[in-house]
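K.L.:
Following is a predicted model, sequence given first.
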Amino acid sequence: MSTSRILLLIGGFILLTFGSFIYFVATWDREKEQPVSQAPVFSSPQYSGVWGNAPATTQGDVL
């Protein structure tokens with residue numbers, strides 16, 4: 001492939017990526033989605049994740 005064709009493909013990929021992100025933001029419905037600030041944390045017993053039931057910090061210490 002020629003250099004100009006490769007650059008054209010890269011440019012097309014970048015435009016498609018940014019375009020899909022802009023479409024995602026433009027069509028976002030705030031009422032339909034749960035806010036991130038109210039999402040369950042990883043140390044919740046219901047969503048134990050990798051750490052099991054271990055607390056995120058001990059007595060308020062910063063890790």
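P.N.:
Everything's here; your move. Numbering: from 1, shown residues only.
K.L.:
which SS class is residue 34?
P.N.:
Look at residue 34: counting by DSSP: H, G, I helix; E, B strand; the rest coil, its state is coil.
K.L.:
For it, report the pLDDT, please.
P.N.:
Per-residue pLDDT puts residue 34 at 71.
K.L.:
Next, count neighbours for it.
P.N.:
Using other Cβ atoms under 10 Å, residue 34 has 8 neighbouring residues. C-betas here are computed from N, CA, C, even on glycine.
K.L.:
contacting residues for it?
P.N.:
For residue 34, the contact set (Cβ atoms under 8 Å, 6 or more residues apart in numbering) is empty.
K.L.:
And it, how far from residue 17?
P.N.:
Going from residue 34 to residue 17 by Cβ to Cβ, to the nearest Å gives 26 Å.
K.L.:
again, but for residue 30
P.N.:
From residue 30 across to residue 17, the span is 23 Å (Cβ to Cβ).
K.L.:
what do you get for residue 2?
P.N.:
23 Å.
K.L.:
more crowded one of the two?
P.N.:
Neighbour count, other Cβ under 10 Å: between residue 2 and residue 17, residue 17 has more, with 10 against 7.
K.L.:
For this protein, just list every one of the strands.
P.N.:
Taking DSSP state E, the chain contains no strands at all.
K.L.:
Any stretches of this structure with poor pLDDT?
P.N.:
By pLDDT under 70, the weakly predicted segments of the chain are 35-63.
K.L.:
Do you have the helices of it handy? List them.
P.N.:
Along the chain, the segments classed as helices by DSSP state H run 3-26.
K.L.:
What's the local residue count around residue 32?
P.N.:
For residue 32, the neighbour count with other Cβ under 10 Å is 6.
K.L.:
Kindly provide the distance from it to residue 20.
P.N.:
Counting by Cβ to Cβ, the separation of residue 32 from residue 20 is 19 Å.
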